[in-house]
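Enquirer: Mind looking at a prediction? Sequence and model below.
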Amino acid sequence: MNKIICTLKLIRMLWSKKLVREFFLFLELSFIVMVTVATLLPISNAVVFSSGIEKTLPDYSELIYCSEYEGVSKGLDIDKLKSDFAEKYGENPKVYMTESNKISLSNRDNENKENAEALGSIYMLLISEDLFNDINLKLSEGNFKKAESDILPVIISPNMSSVHSIGDKIRCSSKDVSTFDDGTWIQRSDLDVECEITGILDKDSTVIDIVSFPSRIEQASLNVIGWNIKKYDNVGYIIAAECDFLPIVKKTSAAFAFDNSISTLSEDIKTLNSKNTNTYGFAEYNGLKKQYYHVTFTNLRWRLVVMVLLLLVLFFNYIGYLIMNVKQKQHVLSIMNLCGMSLWKLLLINIASFLLIVIPALLIGLWLAPYTVHFLTHESFYGYNELIYFAIWALFLISTFFGIAAAYVCRKSSSIIGFYKKA
Amino acid sequence: MIQIENICKSFSNGKENVIQALSDVSLTVNDGEMISVTGPSGSGKSTLLHIIAMLDTQDSGKYFYNGIDVSAMSESKKAQIRNREIGIVLQDYGLIGEMNALKNVALPLTIAGETGKAATQRAKETLCAVGLSDKLKQKANLLSGGQRQRVAIARAIVMNAKVILADEPTGAVDSKTTNDIMDLFSSINLKTGASIIIVTHDLAAAERCGRKVKIEDGTIS
């Protein structure tokens, strides 16, 4: 204990008298950590999401995504596409399709249970048989089954598990059914099915939901393949495998999975798109992934530039602080050496005096970072409140300026008694 | 206690100029001796003191401290000896100006890992012994030259040093203060039996020592 107290006393001798310089450095580093986390979080989320998609999707060598363009509304001719691919590549691909419908829910077992519609909206996601057979959905409880009777086994999203449990029987029926003038519909009207809950999705799971991309297919990204369950935590989801009494009927998009690799895939996709202009759009999985990261980095580009600049300023400030500290404290360090502190201990004390500023600043920055991200995220600004972000940046620059100015003003020429140990 | 045999030390400024600071210097300092080392500027007095203080190493020759060859000691061991057995007093005092007298004197105790009331009391008593009982909380840079030198001497003896090395301790003070400081060194030598080596230009101060060693052009004459 005595040694710790003595070490702290020696460290205190190396700090400035009123701790002004150290305080500004502490503040700088905390801000840097918060801003860095806020900037890198979307990249981290992107990596997690992309990894989640790949872990949830089955093993395959190639995946071709196909979507109907907006206004076509005929539905994909899945059988023709499948046979065309089989003829071209010598392999019958697996067909991954999903269909999402808004539903209303009633709990047959216990009418006193709070209605799950308190969530806001609940959707039923049907998945194709091929996808059901191969998918690696992450469940926290239970399992995922196919229908063997007229009761449909379903798994629910975690935000529904507070109201529903495994074994509960619920009735799902279409909600907000509406049709366009040409007779096409948003929600299918024939959905009315008895279900049994057999499993609950894990809170970190990724859901495969293959949706159509009505615009230019080159702009489609991983979001057309699936989503992370955390993204829609205010919406309930019920997932089931299609069956005889509830098949997928809305076939506006699909993914075709191949076990064999296709060396000409990129060229084939271009050819397919040029032949099917304004009807279908095709994309390969790697292209979707590339586009996803491209969009992520594009959205972040200015924040990344700001973050890199801030890191440079921080590096300069901390290196400057170390150099100035060693220069100004040569006098103190040489006296400590005179009084019997070894050079190794001098070095350790110097490093410790630096780390005692850095480590608390890092910890506080990391602790405040999630609150900062939450504070910065504002829907009306499309993800990040840019004004607040740059206000933090401005505050950081001002404190850096004052930190450097204060260090310069407070700097006194130290009476160097010289090093007795000459190299 | 201190035995130096045929020490040589040179410095190079990197431009082919080699300065021979010490050339074949031998010196023995027995326990309880008070020695003055005199000589003109640039004669090698301070270099000799630095080697004795284990702050520098000789190019050749042997240095035995209490019978142990210093060149065989690690840097940590030398630092430990400097902390516990050797006290150093400098011409410009070598104090930390922003700290008060008590904390300056307690610095070797802090480095040795001693803290608390016992350490503070010891530093207080040492300051009182050098006549600065009323200046305990005074910042070092607000003390007079003589008072600062007393604080430096107190710091040198707070660990009950067996050897005190003083490099021009009276160089920055007036003659009256010189006498006071030399009285202090004599008192310490008598009371504690510590060996004292004083490097000085001041012949009057040198006369106060039991033995006088003169260095000229890096050799003892």
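Expert: Looks like it came in fine. Keep in mind that this is a model prediction, so the values were computed, not measured.

Enquirer: Wait, B:Thr120 touches B:Thr110, no?
Expert: No. With contact defined as CB atoms under 8 Å, B:Thr120 and B:Thr110 do not form a contacting pair (10.5 Å). From N, CA and C alone the C-beta is placed, and that goes for glycine too.

Enquirer: Between those two, which is the more surrounded one?
Expert: With neighbours defined as other CB atoms under 10 Å in any protein chain shown, B:Thr120 and B:Thr110 compare such that B:Thr110 has more, 23 against 17.

Enquirer: nearest residue to the more buried one other than its sequence neighbours?
Expert: Using CB to CB, 6 or more residues apart in numbering or on different chains and skipping residues adjacent in sequence, the residue nearest B:Thr110 is A:Cys6, 4.8 Å away.

Enquirer: B:Val37 and chain A: what is the separation?
Expert: 16 Å (CB to the nearest CB, to the nearest Å).

Enquirer: what about that residue, which SS state?
Expert: Following DSSP: H, G, I helix; E, B strand; the rest coil, B:Val37 is assigned to strand.

Enquirer: can you check B:Gln3 too?
Expert: Recorded secondary structure, B:Gln3: strand (three-state DSSP).

Enquirer: Looks to me like the residue nearest to B:Thr110 is in a helix.
Expert: Yes. Counting by three-state DSSP, A:Cys6 falls inside a helix.

Enquirer: Surely it is in contact with B:Pro108?
Expert: No. A:Cys6 lies out of contact with B:Pro108 (CB under 8 Å); the separation is 11.0 Å.

Enquirer: tell me which parts of chain B are close to chain A?
Expert: Taking CB under 8 Å from any CB of the partner chain, the part of chain B that reaches chain A is made up of B:11, B:50, B:53, B:55-56, B:75-76, B:78-84, B:86, B:88, B:90, B:92, B:94-99, B:107-108, B:110-116, B:155.

Enquirer: Name the residue in A:Cys6 and B:Pro108 with the higher neighbour count.
Expert: Applying other CB under 10 Å to A:Cys6 and B:Pro108 shows that B:Pro108 carries more neighbours, namely 26 against 20.

Enquirer: Filter the residues of chain B next to chain A down to just the buried residues.
Expert: Those of the residues of chain B next to chain A that meet the buried threshold are B:50, B:53, B:55-56, B:78-84, B:86, B:88, B:90, B:92, B:94-97, B:99, B:107-108, B:110-112, B:114-115, B:155, by 16 or more other CB atoms under 10 Å in any protein chain shown.

Enquirer: For the nearest residue to A:Ser221 once chain neighbours are set aside, give its distance to chain B.
Expert: The shortest distance from A:Ser221 to any non-neighbouring residue, by CB to CB, 6+ apart, is to A:Tyr292 (3.8 Å). Counting by CB to the nearest CB, the gap from A:Tyr292 to chain B is 57 Å.

Enquirer: For A:Tyr292, grab the count of nearby residues.
Expert: Neighbouring residues of A:Tyr292 were enumerated by other CB under 10 Å; the total is 20.

Enquirer: Please confirm that it is located within a helix.
Expert: Yes. Under three-state DSSP, A:Tyr292 falls within a helix.

Enquirer: so it touches A:Asn223, yeah?
Expert: Yes. A:Tyr292 lies in contact with A:Asn223 (CB under 8 Å); the separation is 7.0 Å.

Enquirer: And the residue nearest the centre of chain B?
Expert: Closest to where the C-alpha atoms of chain B average out (CA atoms, centre = their mean) is B:Leu165, at 2.1 Å.

Enquirer: pLDDT wise, what is that one at?
Expert: With respect to pLDDT, B:Leu165 scores 95.

Enquirer: Would you mind listing the residues in contact with the residue nearest to A:Ser221?
Expert: A:Tyr292 makes contact with A:Ala46, A:Ser50, A:Ser221, A:Leu222, A:Asn223 under the criterion CB atoms under 8 Å, 6 or more residues apart in numbering or on different chains.

Enquirer: Out of the residues you listed, flag the one nearest to B:Ile181.
Expert: Comparing the contacts of A:Tyr292 against B:Ile181 with CB to CB picks out A:Ala46 as the nearest, at 73.0 Å.

Enquirer: for the closest residue to that closest one other than its chain neighbours, what are its contacts?
Expert: Setting aside the residues directly before and after it, A:Ala46 is nearest to A:Thr296 in space (CB to CB, 6+ apart), at 4.5 Å. Residues in contact with A:Thr296 (CB under 8 Å, 6+ apart) are A:Pro42, A:Ile43, A:Ala46.

Enquirer: helix or strand for the residue of chain B found nearest chain A, which one?
Expert: For chain B, the residue closest to chain A is B:Asn83, as judged by CB to the nearest CB, at 2.3 Å. Using DSSP states H and E, B:Asn83 sits in helix B:75-84.

Enquirer: Dump that helix to CSV, restricted to CA.
Expert: The C-alpha trace of helix B:75-84 is given here as CSV (Å, rounded to 0.1, in the frame of the first residue of the first chain):
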residue,chain,number,x,y,z
GLU,B,75,21.8,0.2,-12.7
SER,B,76,19.0,-0.5,-10.3
LYS,B,77,21.5,-1.5,-7.6
LYS,B,78,23.4,1.7,-8.1
ALA,B,79,20.2,3.7,-7.9
GLN,B,80,19.3,1.9,-4.6
ILE,B,81,22.7,2.7,-3.1
ARG,B,82,22.3,6.4,-4.2
ASN,B,83,18.9,6.4,-2.5
ARG,B,84,19.9,4.8,0.8
